[in-house]
Structure formats: C-alpha cells, structure tokens
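A.B. asks: Sequence below, structure please.
(chains A and B)
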Amino acid sequence: MSTDLQTADPSDVGVGEYKYGFHDPTDNYVFKSRKGIDREIVYQISALKNEPEWMRDYRLKALDIFFKKPMPNWGGDMSELDFQDIFYYVRASAGQEKSWDDVPEDIRKTYDRLGIPEAEKKYLAGVKAQYESEVVYGSLQEDLVKRGVVFTDTDSAVRDYPELVKEYFGTVIPSTDNKFAALNSAVWSGGSFIYVPKGVHIEFPLQAYFRINTENMGQFERTLIIVDEGASIHYVEGCTAPTYSSESLHSAVVEIIVKRGARCRYTTIQNWSNNVYNLVTKRAMAYGDSLMEWVDGNLGSKLTMKYPAIYLMEPGARGETLSIAFAGEGQHQDAGAKMVHCAPNTSSRIISKSISKGGGRSSYRGLVKVIKGAENCKSNVVCDALILDSESRSDTYPYIEIDQENVAIEHEASVSKIAEDQLLYLMSRGMTESEASAMIVTGFIEPLVKELPMEYAVEMNRLIELQMEGSVG
Amino acid sequence: MVSILKADNLQVSVDGKPILKGVSFEIAQGQVHALMGPNGSGKSTLAYALVGHPKYEITGGSISIDDVVLNELDPCERARKGLFLAFQYPVTIPGVKVADFLRHAVSNIRNPDRKEGEGLIPMREFRKELRSRMDELGMDPDFARRYLNEGFSGGEKKRMEILQLAMLKPKFAILDETDSGLDSDAVRVVSEGLQKLCGPEMGVLIITHHERLLEYNVPQHTHVMLAGRIVETGDASLASELHSSGYAGVRERHPAEAAEELVDKSVAGSIVEPATV
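C.D. replies: Coordinates of the predicted model:
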C-alpha cells in the first residue's frame, strides 16, 4: 500500500524532542527484583512465575552460558553497559487484563498516550501490551479464537500450551547462540506466543506494544510464533521508554517457524528513548514454499544491534528483510539482516536504508550465506545510506559466504549526502530548509515505507519528521 | 498595483570569482523580457543569483521586488515573495511524488506565512486544479504519481517545470534555457504552455539561445549580456538579429567586454554555465 506525504503531515508535531520520554510513578508496583544478575535472581523469577522445573533448569543452564560467553568485540560501544546495575524483573500490576478499564490507571493512561486502545479499535485483530516485565493487557478477536488462533503471552503459553512450547522454544535460537540470547534465556519474561493453525489467514495485524517505565530496567521478552502450513499472519511490535540519564537494556529473543506454504510478516517500529541498549536476536525458519518477511524500523535507542535472520530450510522458501535505520545525535544503529540458504531453489532479498544526522552513526551489517548443496539460490541485497551532515557516519559490512556453485548473488550499496542542488530546488518552490530536508529523507525511505500498512506508514513518516525537526538551523 | 522586479548594479561572485559585474534591469508584471548572450556571459548566474542559490554571492548592488530588497533572503523566502525559476537542469528527488511535492509547494506559495507542519491546501481542491493544469499541458495524469523528475526524459523535465509554473503562478518567472536540449515538438509544447500562462499577472525573463520560445512569447525587451554585463537592450527585433547573425556584431560594438569575455572564459565559463548548444 502506498502512502502520501500529506497523510503524514503531522498536526500534533510541535516539539523537537522525543515524545514518549515521560514516565509513570513506580511506588505502587507489585514486585521489583533487586539490581543485578545471579542464580538467586533466576530462581526468584522462575518461582514468581510458578514455572515447571524444565523451564527453571533451562534458565539456569542459560545463565551459565551467559557468564561464560565474552562480550562481543564488534558492533557498538557497550562499555557503559553494567549488567549488575540493572533490574531484571519488575512487575507493575497483578495480572493480565482483558479490558483496558481493569488495567491500573497510570499504565492505562500511558497506553492511551501511545494511542494503542484507539489503534486496536480501528485496525488490529489483537493486542498485547507489555509493561516492564509482564503483559498487562491482552485481546484477540473472537472469531480468531474460534478458529484456533492462539495469541497469548509466553509465560501463559508455558502453562497452557506446554507441548507446543517444549517442541519449539529455543529451537530456532538456542541459548548458546550469543551472549544476549543466553541472558534472555535465563531471565526472559513476557513476550508473545502465537500459533496460527493450518490454513488460517489473519487479515488484520496482531500488535504487541512494549513499554519500559523503570530507570535501569532490563526488558527481556521472549516471542515465539508458529505459523502452520498454508496460514498467514502480520505481527507488529512497537517500543518506547522514558528518557533517563542512566541506561536501560532491552534484549529480546524472537523465534519464528514458518511452515510449508505459510506467510509471516513481522514489522518492528522501534522507538526506544536514547538511553536504551537494544540488543535483540531475531530469527525465523522458513520451510517449503513459505515466505518470511522482516520489516525493521529502527529510530530510537542509544545502541541497537539487530540483524533479523531467515534460514531458508526447504526448496521454494523465500525471505525478505526491509530495514530502515535512523541514527540521530548520540545514537548508533548497527542493523542489518542475515539470509542463510540451506536448501536449493530458495531466494532472498535485503533492502536496507539508513539515515545518519547530528553525529549519529548507522551501520549496515549483513550476511548472505549459501551452504553446500543449495543450488539455484538467488539473493539480492541493496543498501543505501543517506548522511545529512559532516559529523555523521555510515558504514557497510556485507558478508557473503557461498559454498555452492550455480547461484545468483547480487549486492549493491550506495552512500549519498543531501545535495545542495536538491535543497535549492525544493526551497525555490517555497519549502523551508528543514521542510526540504525532511522531504528528501521521506523520499529516501519511501520505497520501504510504501510496503507498510497505511497506519504504520503514517507512523513511520511521522517519527521520521520528528527526528528531522530542528535538524537544520 | 503592478509589481516590479529590479536588479540594481548587481554584482555576483562564485567561489570568489566575479561573474556579474553590475547588472541592472526592471521587469514589471505583465512584461516579457528576453535575456541573450553567448555561453559564459553570466545568464545562468543571474538566474541563480535572483532565486538565491547559496553559492552565488552577491558582492554589490541589489535585487528587489517593489523596493523590498531580497539580497539577504533565502530561496524559500524569495519564492514566497513571488519569484520562480524554471531550472535549466531540474534535479531528481527520489521517492517524492510530484503531487505531494506540488501540494506542499502550492500551500507554501499561496500562504507565505505557512510554518512547517501547518495545514496544506485541501486535497480535493488541489487534485482538481492539478488535473486541469496537466490536461492543459497535455500531460498524462500518471505524472502526478511519479517521483519528481526520476526517470523523466529531457522534455518531461521541462514540461514539469512549466507545470510548476502553472500551479505556483509566480509574480516573476525566470526561464533558464527551458527550450534547450529538446526536439522541436517538445519546444513547441513548452512554448505554447508558456504562452498560455503569460498574462498581466506575470513578469517573465526568458533566457534562451533559440528563437522558437520567443516566437510564441514575443518579448517587449531584449537584453544582451556579455562578460557579466548587459551591453545592449532593445526590442524583439534585437532578438531576431542575434538569431540570424550571432554575437559577432555585439562583440564589435563592445570591444572592451569582448576582450574581457576571452579572459573570463579561460577561468570560469565552463564552471558556471555548462555548454548546452
């Protein structure tokens, strides 16, 4: 679907700063763990959740792996990230509600300000709202419930769908995958669990909304999506947090299984405040003739390291990642994609657009891998970077590993600056300098934004315009 | 009241090198002026300086509309005061649809006090107007949905400039070689398009090498530029004379500027005005 610039013309824009930086009082919280991470904290989380033993053991093993794994020595600067200065589990309310009226007032007001209940009424098939460590609100359209669709938080799924969880949990991203996946596996809480039965098409998106409220909070949601044969789903997540002077950590793990002939689109509009480390592992397994798509918008955070991956497991599987990154002052977006061709006749496409301004840094880091035997694979990678001023920076790290002949792999990259003659042209038609820059940036990401459903396209354009405000004097 | 666009002893430098060395003229709304001169004489420099290209530094003299001096205004402010340049080389703005761009432009020009983010001209009204202007210029309505100048042919780009002119209805339009690089059909379309737009509300400065544009849009005044100065001003017959016999006569009548032209050309000519003919 396409979007017009004018639909994004923001009427409520008037502030140049981060709009979601407010926070709620925390003195009435139900539970807050002490700071820091050790076995006791993991036992505590597991006990609070009344978990079966297998999950507690899984967590404890993962914790050992976390301690053993070194910090990554690539990507962004994590020197200020202190694992012992973080709250690993915070519960704000007693439980998950089915009506917004039952959600505690402060929290409900926050989601009102974020526009979630309104969006739910207009164009969503289901919503999960996670506040700190737990999901505080959940809904799913009645007819989808009847057709066997499951949309719940992952904690409830451990209780209510143990067979499915045991079968798939940790199979796409094992605890050993990387340090942050291990950390998530040890202390995970919340996140979405979705099962779409064979042949069921969900017309409207399901949305999850993640909100951090506490200072020095760590949010570790764990999402598991299983799209059974011939089914389809569009899942959307949004994220915001208050602006604090000290850092918070968001480290999610998202595992997706797209079975034969199924389709899954996973859209992220990440707009964390600029004090959040966003270190996320996302991976999908796509089976025969299925389609997996990541649409990944990274606008916020202090540092994001995120490379949504698709393993193309059987012939005919297709993978696509559309990635937009906007790095403003004090931000580093180290984003990209991974495509691993494990079977013949699979295809993938990566389109990445990044914008750097005000000293921000954006990096494209991507991998295209074709294993031996996966012949007749196709992959196309295009990454374009736009740099708005001389203080900003953009880097490209494309990795290509091909162990099979007879494959078609293309990679194109471009870096551009806003040209003086483009600004002159637009300004000579009555645009102010900042309006002209915003228009050029909006145009730059248009090929991606037009892939989004209209509501999200409008949101994306609005966020970009907010980011652009005050960018030129 | 009829507005006047005035250049008074205008001096302009590019990268510290003087290009315009004292240019004066007055254009009233409703008048058509032609500006001619050999390559490198400073015609495009004048066009860019009038609309406020930041690289073109005004070192002396002034540009004004009705005694309001524009020297310190940026291109946006000048556009909102009624100046328009049809560019010789319109740039591509990838991903920005013609209709979106024009709706913002029209909103700004018609409401010069509009701030960024404030309301735009109503969609329905805008679409209707855009469609009829495109129709008059023989343009496919699909143009409105294309990205601005992306993949446009030379003729399409120039037609797009004329469409903008038609939508923005400036007080003063400067056309920089709008007829260059076009085949004769395209020149006719552009010439006829401009002819329809000219009227008592618009003053026009046509910079051209060719005769066709001026056949359709007969100038009351023709200025000849040589080495950064207007050396002669006449009527439409001067334009015809230059077409038939070239600039040799002008150079003979103005030996000092002709000598200066040779010096200028070796330094700056190709930078400020890429050869087009």
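A.B. asks: For the stretch 1-150 of chain A, just list every one of the helices.
C.D. replies: Assigned by DSSP state H, counting those that start in this stretch, the helices in the stretch 1-150 of chain A fall at A:39-48, A:53-68, A:105-114, A:116-123, A:142-146.
A.B. asks: Dump those to JSON lines, plus mean neighbour count.
C.D. replies: To be clear about C-beta, it is placed using only N, CA and C from the backbone, and glycine gets the same treatment. JSON lines is the format used below for the helices of the stretch 1-150 of chain A (neighbours: other CB atoms under 10 Å in any protein chain shown):
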{"stretch": "helix A:39-48", "mean neighbour count": "16"}
{"stretch": "helix A:53-68", "mean neighbour count": "16"}
{"stretch": "helix A:105-114", "mean neighbour count": "17"}
{"stretch": "helix A:116-123", "mean neighbour count": "15"}
{"stretch": "helix A:142-146", "mean neighbour count": "11"}
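A.B. asks: Report the rounded mean pLDDT for stretch A:272-287.
C.D. replies: The average of the pLDDT scores along stretch A:272-287 is 96.
A.B. asks: and if you look at stretch B:32-48?
C.D. replies: pLDDT averaged over stretch B:32-48 gives 94.
A.B. asks: Now the terminal residues of that stretch, how far apart.
C.D. replies: Stretch B:32-48 has an end-to-end distance of 19 Å (criterion: CA to CA, to the nearest Å).
A.B. asks: that older thread, looking at the helices of the stretch 1-150 of chain A, which is closest to residue A:214?
C.D. replies: With CB to CB as the measure, helix A:105-114 is the member of these nearest residue A:214 (12.3 Å).
A.B. asks: In this structure residue A:193 contacts residue A:154, no?
C.D. replies: Yes. Between residue A:193 and residue A:154 there is a contact at 4.6 Å, judged by CB atoms under 8 Å.
A.B. asks: which residues do the two both contact?
C.D. replies: A:165, A:223, A:224 (CB atoms under 8 Å, 6 or more residues apart in numbering or on different chains).
A.B. asks: between these, which is closest to chain B?
C.D. replies: residue A:223 (31.6 Å; CB to the nearest CB).
A.B. asks: Tell me if I'm right that the closest one and residue A:252 touch.
C.D. replies: Yes. Contact criterion CB under 8 Å: residue A:223 and residue A:252 qualify, at 6.8 Å.
A.B. asks: which residues are common contacts for the two?
C.D. replies: residue A:191.
A.B. asks: Look up how far chain A lies from the residue at the greatest distance from the centre of chain B.
C.D. replies: Residue farthest from the centre of chain B, counting by CA atoms, centre = their mean, is residue B:124 at 29.9 Å. Residue B:124 is 12 Å from chain A, where distance means CB to the nearest CB, to the nearest Å.
A.B. asks: sec struct for that residue, please.
C.D. replies: helix (DSSP: H, G, I helix; E, B strand; the rest coil).
A.B. asks: How about the contacts made by it?
C.D. replies: Counting by CB under 8 Å, 6+ apart, residue B:124 has no contacts.
A.B. asks: go on, residue B:41?
C.D. replies: Counting by CB under 8 Å, 6+ apart, residue B:41 has contacts B:225, B:226, B:227, B:228, B:261.
A.B. asks: Tell me which helix or strand the spatially closest residue to the second one that is not a sequence neighbour sits in.
C.D. replies: Yep, that's residue B:226 we're talking about. Excluding its sequence neighbours, the residue lying closest to residue B:226 (CB to CB, 6 or more residues apart in numbering or on different chains) is residue B:257, at 4.3 Å. Assigned by DSSP states H and E, residue B:257 belongs to helix B:255-264.
A.B. asks: I appreciate the help and will end here.
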